[in-house]
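Participant: All I have is the shape, not the residue letters:
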């Protein structure tokens, strides 16, 4: 039984690392700050949650990591929102091929 | 009431973090969570009695798998866009209108938007408009964008928080 749990935990660790890697690739490849925030927030949040869940299984049900997942899911999108909001307020432009910017239109 | 609920929640967090029934540790946790409750009780959620309604908790249990599903979908979406050689994105900021009024519900909605496929909340106004950065803009109309981005969460969040 514990072997099965350990294998599942390792699978979760590997999948989480893969998602973190994808988030970092997105951070390098995508053009502007908003697109980069999208990739990094989504992938890194879920990747870290998977790693923590793998830790939960591997360490023999350490409930701290579940609590950490809850706090990461609550705080990470809030941080991304704060960065995007601040970027738009300080006048950082969208990528030149962006199709629409309603916020800028409404602010005029 | 607010302070009591916040105190209980922070004490539970303390117990999970320390994971022991050693008495001095529990006493320290009790004192610390009492101070937290006294200081931050006023900035906690608007209606603390909502924590004890079974219907809201049941909807929360329904919301968690729904949210997890869309979160996974979002990650595969990002993976596809990032690994595709031609970078298939068409970004832009669109406007959606929410009917939620409660602050906690709005925060939960904005956070859900950020973690679901292709969207990132950028700005929120007091009269219920949300500006959402969309990695692949499919419509510029407020109504249609509302339907596509937030309708699926709004119904459940309304049951949970309002």
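Facilitator: Good, I have the coordinates. Remember, predicted model here, so these are calculated numbers, not experimental data.

Participant: quick one: buried residues of the longest helix along chain A?
Facilitator: Among the segments of chain A that qualify as a helix by DSSP state H, the longest is helix A:2-29. When neighbours are counted by 16 or more other Cβ atoms under 10 Å in any protein chain shown, the buried residues of helix A:2-29 are found to be A:9, A:12-13, A:15-16, A:19-20, A:22-27, A:29. (Each C-beta comes from the backbone N, C-alpha and C, glycine too.)

Participant: Please, where are all the helices along chain B?
Facilitator: B:2-18, B:23-40, B:54-83, B:103-115, B:142-149, B:151-161.

Participant: where's the lowest-mean-pLDDT helix or strand in chain B relative to the chain centroid, distance-wise?
Facilitator: Within chain B, confidence by mean pLDDT, DSSP states H and E is lowest for helix B:142-149 among all helices and strands, at a mean of 81. Put simply, helix B:142-149 sits 19 Å off its chain's centre (Cα atoms, centre = their mean, to the nearest Å).

Participant: Please name the residues that touch the residue nearest the centre of chain B.
Facilitator: Centre of chain B computed as the mean C-alpha position; nearest residue by Cα atoms, centre = their mean is residue B:108, 2.6 Å away. If a contact means Cβ atoms under 8 Å, 6 or more residues apart in numbering or on different chains, then residue B:108 has B:157, B:160-161 as its contacts.

Participant: and if you look at residue B:58?
Facilitator: Neighbour list for residue B:58: empty [criterion: Cβ under 8 Å, 6+ apart].

Participant: sorry, back to before: in PyMOL, select just the buried ones from the contacts of residue B:108.
Facilitator: Remark: buried members of the contacts of residue B:108, expressed as a PyMOL selection using 16+ other Cβ under 10 Å:
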select buried, chain B and resi 157+160+161
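
Participant: can you redo the contacts of residue B:108 as JSON lines with pLDDT?
Facilitator: Conversion of the contacts of residue B:108 to JSON lines gives the following (pLDDT from 0 to 100):
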{"residue": "B:157", "pLDDT": "87"}
{"residue": "B:160", "pLDDT": "84"}
{"residue": "B:161", "pLDDT": "81"}
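
Participant: Reformat the contacts of residue B:108 into TSV and put distance to chain A next to each item.
Facilitator: As requested, the contacts of residue B:108 are arranged in TSV below (distance: Cβ to the nearest Cβ, whole Å):
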residue	distance to chain A
B:157	14
B:160	15
B:161	14
